[in-house]
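Chemist: only the shape, not the letters, is given here:
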């Protein structure tokens, strides 16, 4: 019997998407073929402490569920006891270098590959990817540059524009400018864009901090809300009668695209509440495949792959579009390099509709991670100038 692949699954993190990461990671670990993989769960709490050994998923989940119950002494006591049973890895705000992440080092457990299931900043933005690059450990998903470009919506839009890919009009606002002279910022935005507009943090996902604004007062409130989460704020023109179309992409140098899907939000737009809180008859609807003309579906798939390659993405991504209801024009909205992996997430559902089951998808992602790692090893790390011909 061949040796099992030891997969470190990292989840949690210091991000507004911490709780969504826990849901995604739980789904990933449940779907992994236990005859192929030995799963090493690694949690990162909201203070940035890395936890392994024992059951970090249970501990972090208890912390999420216990929010708002600070007065429950028994809950706190139990949490402290469980925390003490885990190993805290020396990768935290009090440590400068990730020396413990050496593939053969201690106390980080020996792994063959890392599957980061971290959404948002300090997980999906190239930071954890850079850490793993320094440590020389293969990992699932985009590299440093692809992750950073996919995370920062403002720079992502600049790259899309440079590649001639369609994006909605937008204005970039710095948090400091908003705090110093809010009236000037409001004047700038209203001169450039017509209402309604969307305000959002440039570096976050899962619709955290996003508002739809119909007038100046709502715009001010939306910018204030977005500024809670990031120093860069985006104000985007709303696409008229927009339909939410999503495409999943899989691969390294030769990526492929899934069938497109459509989201029918339970609210005015696909907000955090519409994604994760509305249930039953009130839940948002996923239509797979999307009920759109074949030529529109093919264009979405083509644009998704072009966007993926433009930022040098790898492994996986979900590419989100806005389809103008009256004109049928497709606009690239964003690209998620670590898309949601929960039971209701679009990324695995689109691949299932395209003939790739959830367990097969995880297999392929791990294969792609190891394939990319081996390809990187082919690059020379020293240089010897050629001898000069006499």
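Modeler: Structure received. If you're wondering where the values come from, they're calculated on a predicted model, not measured in any experiment. Residues are numbered from 1 along each chain as shown.
Chemist: where does the chain have low pLDDT?
Modeler: The model of the chain has pLDDT under 70 over residues 1-2, 63-108, 205-206, 267-279, 389-390.
Chemist: walk me through the domains of it.
Modeler: Domain segmentation of the chain under automatic domain parsing yields 5-140, 169-237, 243-356.
Chemist: got the end-to-end distance for the shortest one?
Modeler: Its start and end residues considered, domain 169-237 measures 5 Å (CA to CA, to the nearest Å).
Chemist: over to the longest one?
Modeler: End-to-end distance of domain 5-140 (CA to CA): 13 Å.
Chemist: gap between the helix or strand where residue 360 lies and the chain center?
Modeler: Per DSSP states H and E, residue 360 falls inside helix 358-377. Using CA atoms, centre = their mean, to the nearest Å, the distance from the centre of helix 358-377 to the centre of the chain it belongs to is 18 Å.
Chemist: helices and strands around it, which ones?
Modeler: Counting contacts by 3 or more CB pairs under 8 Å, 6 or more residues apart in numbering; DSSP states H and E, helix 358-377 is packed against helix 18-31, strand 113-117, strand 243-251, strand 315-323, helix 346-353. Any C-beta I mention is one placed from the backbone N, CA and C, and that applies to glycine too.
Chemist: make JSON lines from those and add distance to residue 194 and mean neighbour count to it.
Modeler: What follows is those, written out as JSON lines (distance: least, CB to CB, whole Å; neighbours: other CB atoms under 10 Å):
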{"stretch": "helix 18-31", "distance to residue 194": "32", "mean neighbour count": "21"}
{"stretch": "strand 113-117", "distance to residue 194": "39", "mean neighbour count": "25"}
{"stretch": "strand 243-251", "distance to residue 194": "20", "mean neighbour count": "24"}
{"stretch": "strand 315-323", "distance to residue 194": "16", "mean neighbour count": "25"}
{"stretch": "helix 346-353", "distance to residue 194": "30", "mean neighbour count": "22"}
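Chemist: looking at those, which is closest to residue 308?
Modeler: Among the helices and strands packed on helix 358-377, the nearest to residue 308 by CB to CB is strand 243-251 (4.7 Å).
Chemist: chain center to that closest one: distance?
Modeler: For strand 243-251, the distance from its own C-alpha centre to the chain's C-alpha centre is 13 Å (CA atoms, centre = their mean).
Chemist: repeat that for stretch 199-216.
Modeler: A distance of 16 Å separates the C-alpha centroid of stretch 199-216 from that of its chain, computed with CA atoms, centre = their mean.
Chemist: okay, the helices and strands packed on helix 358-377 in JSON lines with distance to residue 188 next?
Modeler: Listed next are those as JSON lines, based on distance: least, CB to CB, whole Å:
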{"stretch": "helix 18-31", "distance to residue 188": "33"}
{"stretch": "strand 113-117", "distance to residue 188": "37"}
{"stretch": "strand 243-251", "distance to residue 188": "28"}
{"stretch": "strand 315-323", "distance to residue 188": "23"}
{"stretch": "helix 346-353", "distance to residue 188": "34"}
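Chemist: which one of those lies nearest to residue 168?
Modeler: strand 315-323 (6.7 Å).
Chemist: returning to that earlier point: right, and the helices and strands packed on helix 358-377 - which one's nearest residue 157?
Modeler: Smallest distance to residue 157 across the helices and strands packed on helix 358-377 (CB to CB): 12.7 Å, for strand 315-323.
Chemist: give me the contacts around the helix holding residue 360.
Modeler: For helix 358-377, contacts defined as CB atoms under 8 Å, 6 or more residues apart in numbering pick out 5, 7, 28, 31-33, 36-37, 112-115, 138-141, 143, 250-252, 314-316, 348, 351-352, 356.
Chemist: again, 6 Å this time
Modeler: 31-33, 113, 138-140, 252, 314-316, 348, 351 (CB atoms under 6 Å, 6 or more residues apart in numbering).
Chemist: likewise stretch 24-36?
Modeler: With CB under 6 Å, 6+ apart, stretch 24-36 has contacts from 9, 11, 39, 117, 340-343, 358-359, 362.
Chemist: which among the residues you listed end up buried?
Modeler: Listed as buried from those are 9, 11, 39, 117, 340-342, 358, 362; burial here means 16 or more other CB atoms under 10 Å.
Chemist: could you dump these into TSV and include distance to residue 379?
Modeler: Shown next, in TSV, are these (distance: CB to CB, whole Å):
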residue	distance to residue 379
9	28
11	30
39	30
117	28
340	33
341	30
342	36
358	33
362	27
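Chemist: among those, list the two that are farthest apart in space.
Modeler: Pairwise distances across these peak at 19.4 Å for 39 and 340 (criterion: CB to CB).
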